[in-house]
Structure formats: C-alpha cells, structure tokens
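[1] Here is a sequence with its predicted model. Questions after.
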Amino acid sequence: MHLTRLHRLQAALTQVNLDCVAAIAGANLYYLTGLFFHPSERPVVGFFPASGDPVIVASILEETKITSHAAYPIHPFCYDDVSGPAAAFTQAALALASGATGGALRLGVEFGRMRVMELRWIEDAFAPATAEPAEPVFAKLRMTKDQAELAHMRQAAVIAERALAATLPAVRPGMTEHEVSAELVAQLARAGSDADLPFTPIVASGQNAALPHGKVTDRRLQRGDMLVVDWGATSQGYRSDLTRTFAIGPVEPELRKIYDVVRAANAAAKAATRPGVTCAGVDAAARRIIVEAGYGACFTHRVGHGIGLEGHEDPSVHGGNQLVLEAGMTFTIEPGIYLPGRGGVRIEDDVVVTATGCDSLTTYPREWHEIG
C-alpha cells in the first residue's frame with residue numbers, strides 16, 4: 001500500500017516538474033511511509049525524489065524505527081544531540097543531487113506545516129535548490145481515500161458515537177462544560193480511540209453555544225440551554241469529527257426552530273454531494289436552506305472541511321471552491337446557525353463521495369433530543 005503511494009507521488013512529481021518533495025514529522029510522512037514521529041526540537045524530514053529511493057534525516061534515536069518498521073527501504077541519515085543535524089542534511093542532499101533535472105534542484109516543501117527550523121536546515125544543505133509549495137501534490141494524493149482508509153474512518157466514527165452514547169446518561173443540569181468534556185474524553189478512551197484525539201471535545205452551552213469555535217468553560221448547564229457537543233475519535237491515525245446539538249429541557253421556540261432548519265440544511269448538503277458537483281455546490285445547498293429561513297447572516301462559516309489523517313485537510317467545502325468532487329473524497333458537512341447571546345445549533349457528519357452520491361460515515365441520530 002505505502003509503496004503504491006510512493007509510486008503515485010513520484011508520478012505526480014514528474015507531472016509538475018519537481019525533483020523531490022520534503023515531508024516533516026506528521027501526516028504526509030506517515031501516509032507515505034507508515035512511520036509516525038512526534039514533532040520536536042530534533043527535526044525529522046523525509047525526502048522523496050521523483051526517481052530513485054527516498055531518504056530521511058532523523059535523530060539517531062529513530063534509526064531502529066526507520067530500519068525496522070518503514071513500509072519499504074528508506075535510507076536514514078542520522079545525527080546525535082552533540083553533532084546536530086547539519087551533516088545529516090548535507091549527506092541527504094548529496095545522495096539526492098543526482099536526481100535533479102538540471103540546474104538547481106526543484107524541491108517541494110510543506111509551506112503550511114514546515115517550521116522555519118527545518119526550512120533553514122534544508123536551504124543550507126540543498127543550496128541553490130529552489131523551494132516550492134508541495135501542498136497541491138500531497139492534497140491530490142490524499143483527498144481520495146482507499147478502502148483501508150475508509151475502514152479506519154468508519155471505525156473512528158463508531159468509536160466516537162459509542163463514547164457519546166455512554167456520556168449522555170451522565171449529563172444533567174448543574175454540570176459544568178468541563179465536566180461533560182472530561183467524561184467524553186474518558187469514554188472515548190474506553191471505546192477504543194487512539195490516545196491522539198483529533199481535538200479536545202468542545203462542549204458549549206447556553207450563550208456559549210452561539211460561538212462556532214467555543215472554548216470549554218466552567219459554565220454550568222441550565223434548563224433552557226442548547227448544548228453543542230463537537231467531538232471525534234482516532235483509529236489507526238484516521239479521524240472522525242461530529243457535532244450534535246441537544247436541549248437541556250424545554251427551550252424557547254426560536255431555538256427549536258433553528259434546530260429544524262440546520263437539520264434540513266445538513267440533509268440538503270448530503271443530497272447534493274456526488275461526483276461532478278463542486279465543493280461550492282455542496283456549500284450552496286446547505287446555505288440556501290438557511291438563507292431562505294431568514295438566518296443567512298447567522299451561518300458564518302464554510303459548510304465543511306476535508307478529513308482523514310488530519311482533522312482538517314483538503315478539500316475545503318466553501319462557496320468559492322470550484323473543485324469538482326470525485327468518488328473517495330471525504331469531508332465534513334456541518335451547517336450551523338448561531339444567535340449571539342442566546343444559543344446555537346450545529347449538526348456535523350463525515351461523508352465519503354460514492355459513485356452515485358455520498359455515504360455518511362457517521363450515523364448518530366440527528367432527531368431533536370432533550371436532556372433532563
């Protein structure tokens with residue numbers, strides 16, 4: 001599987017006239033090699049040439065991992081804490097120099113992820129190489145998921161849903177948002193999530209529910225609140241990301257009304273999702289429902305974002321993105337309405353584009369649910 005990904009990458013590099021790409025510790029390096037490294041003060045950078053074998057610069061502490069667990073042979077250039085990484089980067093550059101198409105090496109780097117530290121080491125070792133953005137290449141590789149990836153994403157959704165189902169019976173008026181979030185984190189672990197959660201669960205109640213990216217606070221849940229729960233799980237490195245909104249007892253009529261509007265917008269976006277439709281078209285399908293209900297100004301974010309090895313990746317599902325959907329693409333659909341000072345509603349699912357439409361990887365009920 002990983003070797004196939006490497007060959008796809010190399011074919012893509014030839015098409016865009018790049019000699020090599022560099023991937024730091026993180027999702028792209030894991031995707032290509034099956035090796036996971038925590039970003040730290042010790043740089044880890046894999047170099048993948050358009051032809052020939054990849055190499056990796058890493059601390060000597062990682063050498064056994066690389067030689068024993070990489071999905072295919074990848075030559076390590078290692079350094080220790082005393083000598084530092086300069087010589088290892090130079091050795092990697094010399095090993096890759098023969099792959100240049102003539103003149104300076106054209107090297108793709110992760111502009112959106114790479115730290116200045118890694119970039120400086122690379123610039124010094126590979127001079128006079130020209131650094132160019134590698135994100136478009138990686139995005140094209142990773143946007144469409146294979147069946148193994150989808151299986152992990154489905155499992156991440158199952159884990160998340162089990163965890164919420166186990167958490168809700170304990171939720172009651174008087175609990176703080178922090179207490180609910182902590183219980184959900186514990187249930188995610190019990191349900192089998194990887195320790196590396198996509199994010200700390202967001203639990204937002206009352207006026208806090210009107211904040212699309214609310215921060216968990218010590219506010220206590222009160223009757224009449226809307227309660228927005230945004231959470232996810234990780235399975236074999238792949239993420240899920242869901243949001244469900246609940247009522248703490250009876251709520252004012254308008255809050256009940258916007259729940260129905262958001263639920264309809266969520267369904268409309270899923271109905272619009274199929275190959276050949278643009279990301280903008282999916283956003284428009286949800287937004288149209290909310291605008292026609294009179295709440296267009298209260299839907300302040302895009303309808304969704306890509307998901308997979310990262311909680312946020314390509315494609316970005318917003319009104320200006322004319323990217324045409326293809327089978328295998330995965331992203332969230334998460335319309336919301338937010339009434340400042342009063343509350344809000346968001347309903348979020350993870351979907352995969354199929355040959356004829358889309359399949360929701362998340363199945364947790366979307367019906368109105370009162371707690372307490």
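    Structure's in. What do you need? Computed from a predicted structure; not experimentally measured. Numbering: from 1, shown residues only.

[2] Every contact and neighbour count from this point should use C-alpha atoms.
    OK.

[3] buried set for the helix or strand bottoming out on mean pLDDT in the chain?
    For the chain, using mean pLDDT, DSSP states H and E, the weakest element among its helices and strands is strand 130-133, scoring a mean of 90. For strand 130-133, a neighbour-count test (16 or more other CA atoms under 10 Å) marks Ala131 as buried.

[4] what packs against whichever helix or strand comes after it?
    Scanning the chain past strand 130-133 towards its C-terminal end, the next helix or strand to appear is helix 135-142 (assignment: DSSP states H and E). For helix 135-142, the packing partners by 3 or more CA pairs under 8 Å, 6 or more residues apart in numbering; DSSP states H and E come out as helix 2-15, strand 313-317.

[5] go again using 10 Å as the cut-off
    With contacts defined as 3 or more CA pairs under 10 Å, 6 or more residues apart in numbering; DSSP states H and E, the secondary structure elements packing on helix 135-142 are helix 2-15, strand 20-24, helix 27-33, strand 106-109, strand 313-317.

[6] can you list the weak-confidence ranges in the stretch 51-200 of the chain?
    Where the stretch 51-200 of the chain drops to pLDDT under 70, the residues are 98-103.

[7] So which residues of it form helices?
    Along the stretch 51-200 of the chain, counting by DSSP state H, counting those that start in this stretch, helices occupy 63-69, 86-96, 116-126, 135-142, 147-167, 177-191.

[8] With distance to Ala286 and mean neighbour count as added columns, please give the helices and strands packed on helix 135-142 in TSV.
    TSV is the format used below for these (distance: least, CA to CA, whole Å; neighbours: other CA atoms under 10 Å):
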stretch	distance to Ala286	mean neighbour count
helix 2-15	34	16
strand 20-24	36	25
helix 27-33	30	21
strand 106-109	35	24
strand 313-317	11	21
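
[9] Contact partners for the residue nearest to Val171 when sequence neighbours are not counted?
    Nearest-residue entry for Val171: Val180, 6.7 Å, with adjacent residues in sequence omitted and distances by CA to CA, 6 or more residues apart in numbering. When contacts are counted by CA atoms under 10 Å, 6 or more residues apart in numbering, Val180 touches 167-168, 170-172, 201-204, 216, 220-221, 229.

[10] re earlier: reformat the helices of the stretch 51-200 of the chain as CSV; add distance to His312.
    Converted to CSV, these look like this (distance: least, CA to CA, whole Å):
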stretch, distance to His312
helix 63-69, 27
helix 86-96, 30
helix 116-126, 22
helix 135-142, 12
helix 147-167, 14
helix 177-191, 20
